[in-house]
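Colleague: can't give you the sequence, but here's the structure:
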């Protein structure tokens, strides 16, 4: 996990230290209100490698944002779901998604890929 120094106790910096980065917000958003298996998360996020996804899930579990549930079956089944802390982030992620769907964001991305 990468902690961002925060000498002025900035709340945005604090939040980004917890759930910021390239993949964590996307993983949290994909899980949402459901329980998902590793393979399904991997399907929803084809650009992430298995190793990175595994590491990100471990970090999110350590941070208390997701819960990992193992089922004693053969073959073994593991599902990931949001904890109460993770669920508290959903309104924030919905706002980010709303902005990401705006014409402003689409225009910025169009300029980025030129």
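Modeller: Ah, there it is. Just so we're clear, the structure is a prediction, and the values are computed from it rather than from any experiment.
Colleague: quick check: next helix or strand after the helix or strand of the chain with the lowest mean pLDDT?
Modeller: Least confident helix or strand, the chain: helix 11-19 with a mean of 91, by mean pLDDT, DSSP states H and E. Using DSSP states H and E, the next helix or strand after helix 11-19 towards the C-terminus is helix 24-31.
Colleague: what is the top helix by length along the chain packed up against?
Modeller: Ranked by residue count under DSSP state H, the longest helix found in the chain is helix 50-62. When contacts are defined as 3 or more CB pairs under 8 Å, 6 or more residues apart in numbering; DSSP states H and E, helix 50-62 packs onto helix 24-31, helix 38-44, strand 66-71. The C-beta positions use only the backbone N, C-alpha and C, and glycine is treated the same way.
Colleague: quick one: buried residues of stretch 81-88?
Modeller: By 16 or more other CB atoms under 10 Å, the buried positions in stretch 81-88 come out as 81, 82, 86.
Colleague: ok, stretch 86-95 next?
Modeller: Residues of stretch 86-95 classed as buried: 86, 89, 93 (neighbour count, 16+ other CB under 10 Å).
Colleague: okay, the residues you listed in JSON lines with secondary structure, distance to residue 76 and pLDDT next?
Modeller: Converted to JSON lines, the buried residues of stretch 86-95 look like this (DSSP: H, G, I helix; E, B strand; the rest coil; distance: CB to CB, whole Å; pLDDT from 0 to 100):
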{"residue": "86", "secondary structure": "helix", "distance to residue 76": "23", "pLDDT": "97"}
{"residue": "89", "secondary structure": "coil", "distance to residue 76": "28", "pLDDT": "96"}
{"residue": "93", "secondary structure": "helix", "distance to residue 76": "29", "pLDDT": "95"}
